[in-house]
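>>> Fold the stuff below for me.
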Amino acid sequence: MRPYFLILAAFLIYSFSVSAQVTRNANEAIDNKQDLKLDKAQLNRDMDEVAKFKADLVAIENAWKASDLNQINANKNQLVAAMKREIEQSENKLNQARNEVSESKSEVRSDNREIKRDRKDSRRGRDVRDDRRDLARDKADKRDDVRDLNDDIQDKNGRKVRLENQRRIYETLKAYHFANLGTSSNTEAATKKALMYEFLQTMENDLAATRAEIGEDKVEKREDRRERKDDKRERRER
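Have a look, this model is predicted:
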């Protein structure tokens with residue numbers, strides 16, 4: 001009787017592992033779909049905000065040419081308010097990026113467990129061809145997930161650097177008052193104006209990062225489809 005119970009126990013453990021993997025893959029698909037929807041919404045919002053920021057910069061340039069200090073400071077205050085909102089959004093995006101890194105690490109750990117299980121199945125030698133196919137598939141999944149993890153880490157680090165630069169510029173400009181434009185490009189006023197364009201660059205870099213993230217989301221969506229297809233095939237084999 002003992003061998004029968006061992007076989008039954010092994011079958012139950014295998015069934016549980018497959019079921020858990022199916023659940024994980026389904027949850028990953030839901031998460032990636034939500035990430036894609038969120039990134040698209042952020043992209044549309046950020047494009048509008050960049051356009052508004054540029055319009056305020058044009059207004060400042062026009063006021064600068066007219067030496068209209070009151071208008072320059074009024075537009076500067078609008079930009080500072082926009083900077084504060086952008087920083088809050090950047091903080092949220094950084095937290096989101098950290099969560100995505102955590103999720104990607106979890107997926108890689110799951111891949112490692114699956115590969116370990118595949119190798120254990122192979123040593124039993126019951127269906128060598130199927131076991132090899134499962135191992136190759138799970139190794140491919142791991143390569144995809146490691147690539148996704150590296151992309152997420154790079155995105156998180158980029159967002160962190162941009163946020164630090166945005167905070168530095170905001171702290172420099174929030175209480176600054178243009179009182180004298182001067183005549184040299186090296187005057188304090190010109191230096192402060194240049195910081196506004198530097199902040200705009202961080203916003204445009206953020207836009208580029210979000211577009212890249214949407215591209216990565218679409219790749220992950222295709223990977224999710226393939227993994228769910230593999231899950232269906234493996235359930236049929238059971």
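>>> check contacts around the residue nearest to Glu114 when sequence neighbours are not counted.
Distances taken as CB to CB, 6 or more residues apart in numbering place Asp138 nearest to Glu114, at 4.4 Å, with adjacent residues excluded. C-beta here means a position set from N, CA and C on the backbone, and glycine is covered the same way. Contacts for Asp138 were tallied using CB atoms under 8 Å, 6 or more residues apart in numbering; they are Asp111, Glu114, Ile115, Asp118.
>>> Report the secondary structure element holding Asp138.
helix 128-173 (DSSP states H and E).
>>> Include secondary structure, pLDDT and neighbour count when you put the contacts of Asp138 into a markdown table, please.
A markdown table is the format used below for the contacts of Asp138 (DSSP: H, G, I helix; E, B strand; the rest coil; pLDDT from 0 to 100; neighbours: other CB atoms under 10 Å):
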| residue | secondary structure | pLDDT | neighbour count |
| --- | --- | --- | --- |
| Asp111 | helix | 86 | 21 |
| Glu114 | helix | 85 | 22 |
| Ile115 | helix | 84 | 17 |
| Asp118 | helix | 76 | 19 |
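>>> Just give me the closest of those residues to Leu57.
Asp111 (47.0 Å; CB to CB).
>>> show me what contacts the residue most central in space within the chain?
Closest to where the C-alpha atoms of the chain average out (CA atoms, centre = their mean) is Ala97, at 4.7 Å. For Ala97, the contact set (CB under 8 Å, 6+ apart) comprises Asp152, Asp155, Lys156, Arg159.
>>> Which one of the residues you listed is nearest to Arg226?
Looking across those and measuring by CB to CB, the closest to Arg226 is Asp152, at 19.6 Å.
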